[in-house]
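Peer 1: here's a sequence, model it:
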Amino acid sequence: MYAAESRALADAADAARKALLPLGPLHGLPIGLKDLCDIAGRIGTVGSKMWAARVAESTSATVERLLAAGMIPLGKLHMVEFAFGAWGTNPLMGTPWNPWDLKRSRVPGGSSSGTGVAVAAGLVPAGIGSDTGGSVRIPSAFNGLVGLKTTFGRISLHGTALLSWTLDTIGPLARSVDDCAALLRVLAQPPLDLPAELVAGRPHHWRIALPDRAQLPPFMHPAVLAAWTDAAQRLEKLGAQIVPVRLPEWYFDLGRQVGMIIASEAYELHRAHIEDRGQAINDAVRERILGAAKLAPGEYAGMLRTMAERRRAFGEWFRDFDALLLPTVALPAPALDEIEEQAPIPAYLTRAVNYLGLSALAMPAGRTARAGAARTRGGSPCRAASARRSVRPAARAAPGSAHADPARAQGLYRATAEVRRVRGESVVPELAGPMRRHTLLVACRTCDVRHATCDTKGAARRGTPKPGPLHLP
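Peer 2: Numbering: from 1, shown residues only. Next up is the predicted model:
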């Protein structure tokens, strides 16, 4: 936590507003940073106990752009070690507690686990994550948030601790599409000017591909399938054309290729300490990375060549569509003590998007009604989440705060106004009601924000989950 610094920046933001000085587009708004976005002179652990005292030598482009927009970093947010893990676990430094269930610890999703938990609990209105195989979308799904996986290269990776230089992307997690779009505007390079019809419109005349249910994995939870179908029906009512399709037969096999590319590049980046068994590194993460040591000469180059071919082939397949509608995760957040750490479940549906170079949006789509069960690919049971809790932040805000103006960055200001009034107090989320189900993923071949027309409006924007299966306009 940057407690003293963030308060000083908040005071300066108030003073700048009162002085009628020019303000950044997100002036005075707090933000949480995944602990791989370096700040020069500050500790940056990248989720590793081995690097508990690592001091960053440079500041990431992401942080520089957020500061230039007027945002206030409240601190670093926890993550899976080296960003290599989709359940969100970190045995050596602690796993963030999914706030949707206070009685039993459930997976937060990874690797941006701390960002998902902090935003869901109302500790920050929005946060920054990274996505290499689903690490923005998966915690968004398990925590009932909106998460944007941006196109590779849209946001600079300078000063960001890398896992895979081929697949890493930076993206925001927030409570609405509007908020993610506001953050994308200031983070994108070159600056992104969103067309008015994408910001305020609805998906009229969109052609959305809806894959054959039989192509989905056998461990899909029934509630996830029901919400996915319901989302397609609602999009159709909003004017979209839903087109039943069969994905290329190799589509879901791409996940394994993603895993090997990540492991190969992570092995190159971390070889010195990964091979040193005396270093404090999580065994599961170590074994994932060491898997690349068994690759035959030339195998990595062959994978990159195949990836380029698959991207061209999928581009042809996708040519007649605006978006692809799929579930983000196969099941609601399971209990932490019931997962199989190496099971492919959490990233099974997300990795292909990274492999194919697409942008994607995960957004809330419902809530679980009762406990259920799913099976991993290997056959071991992995019990789904019970519907017990939902987050309703109980926070307050002080008159005269720089964040109390609702005219700027609408959703962020509404959430942030509550935080500034508790200066010196703890912001404790009040939790009650059922747990959100999962979110849906929309991958677009056109741009990162084509999906900004589907907003999470209504009660969810005010902090209380609205009854019903979906949050769509």
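Peer 1: could you use CA atoms for every contact and neighbour count after this?
Peer 2: Fine.
Peer 1: can you tell me the centre-most residue of this protein?
Peer 2: Centroid-nearest residue in the chain, with C-alpha atoms, centre = their mean: residue 136, separated by 2.0 Å.
Peer 1: next, the contact list for that one, please.
Peer 2: 110-112, 129-130, 147-149, 171-173 (C-alpha atoms under 8 Å, 6 or more residues apart in numbering).
Peer 1: out of those residues, which is nearest to residue 254?
Peer 2: Taking C-alpha to C-alpha as the measure, residue 254 sits nearest to residue 149 out of these, at 17.4 Å.
Peer 1: pull the number of nearby residues for the residue nearest to residue 138 when sequence neighbours are not counted.
Peer 2: Spatial nearest neighbour of residue 138, chain neighbours left out: residue 109 (5.3 Å); criterion: C-alpha to C-alpha, 6 or more residues apart in numbering. Counted with other C-alpha atoms under 10 Å, the neighbours of residue 109 add up to 36.
Peer 1: please apply the same query to the one 4 residues further on.
Peer 2: Residue 113 sits with 35 neighbouring residues when counted by other C-alpha under 10 Å.
Peer 1: same check on residue 132?
Peer 2: 28.
Peer 1: can you check residue 144 too?
Peer 2: For residue 144, the neighbour count with other C-alpha under 10 Å is 31.
Peer 1: and residue 129, by the same measure?
Peer 2: 33.
Peer 1: that one contacts residue 174, doesn't it?
Peer 2: No - using C-alpha atoms under 8 Å, residue 129 is not in contact with residue 174, being 10.4 Å away.
Peer 1: what pLDDT does the model give the residue nearest to residue 138?
Peer 2: As predicted, residue 109 sits at a pLDDT of 98.
Peer 1: test my guess that it contacts residue 144.
Peer 2: No - in this structure residue 109 lies outside contact range of residue 144 using C-alpha under 8 Å: 11.0 Å.
Peer 1: returning to that earlier point: which of the contacts of residue 136 lies closest to residue 336?
Peer 2: Distance ranking of the contacts of residue 136 against residue 336, using C-alpha to C-alpha, places residue 110 first at 12.7 Å.
Peer 1: setting aside sequence neighbours, what's the nearest residue to the closest one?
Peer 2: That would be residue 88: by C-alpha to C-alpha, 6+ apart, it lies 3.7 Å from residue 110.
Peer 1: next one: residue 13
Peer 2: Nearest to residue 13 is residue 28, by C-alpha to C-alpha, 6+ apart, at 5.3 Å.
Peer 1: would the one you found count as being in a strand?
Peer 2: No - counting by DSSP: H, G, I helix; E, B strand; the rest coil, residue 28 is located in no strand; its state is coil.
Peer 1: and the gap between it and residue 178?
Peer 2: Applying C-alpha to C-alpha, to the nearest Å, the value for residue 28 to residue 178 is 18 Å.
Peer 1: then residue 38?
Peer 2: Taken as C-alpha to C-alpha, the span from residue 38 to residue 178 is 26 Å.
Peer 1: who has more neighbours, the two?
Peer 2: Neighbours per residue, other C-alpha under 10 Å: of residue 38 and residue 178, the larger number sits with residue 38, 27 against 24.
Peer 1: show me what contacts the more buried one?
Peer 2: 44, 56-60, 63, 159-161.
Peer 1: export the residues you listed to CSV and tack on neighbour count, pLDDT and distance to residue 19?
Peer 2: As requested, the contacts of residue 38 are exported to CSV (neighbours: other C-alpha atoms under 10 Å; pLDDT from 0 to 100; distance: C-alpha to C-alpha, whole Å):
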residue, neighbour count, pLDDT, distance to residue 19
44, 23, 98, 35
56, 19, 98, 34
57, 14, 97, 34
58, 15, 97, 32
59, 17, 98, 29
60, 20, 98, 30
63, 22, 98, 25
159, 20, 97, 33
160, 24, 98, 35
161, 21, 98, 38
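Peer 1: nearest to residue 98 among those residues?
Peer 2: residue 44 (22.9 Å).
Peer 1: got the contact list for that closest one?
Peer 2: Counting by C-alpha under 8 Å, 6+ apart, residue 44 has contacts 35-38, 51-56.
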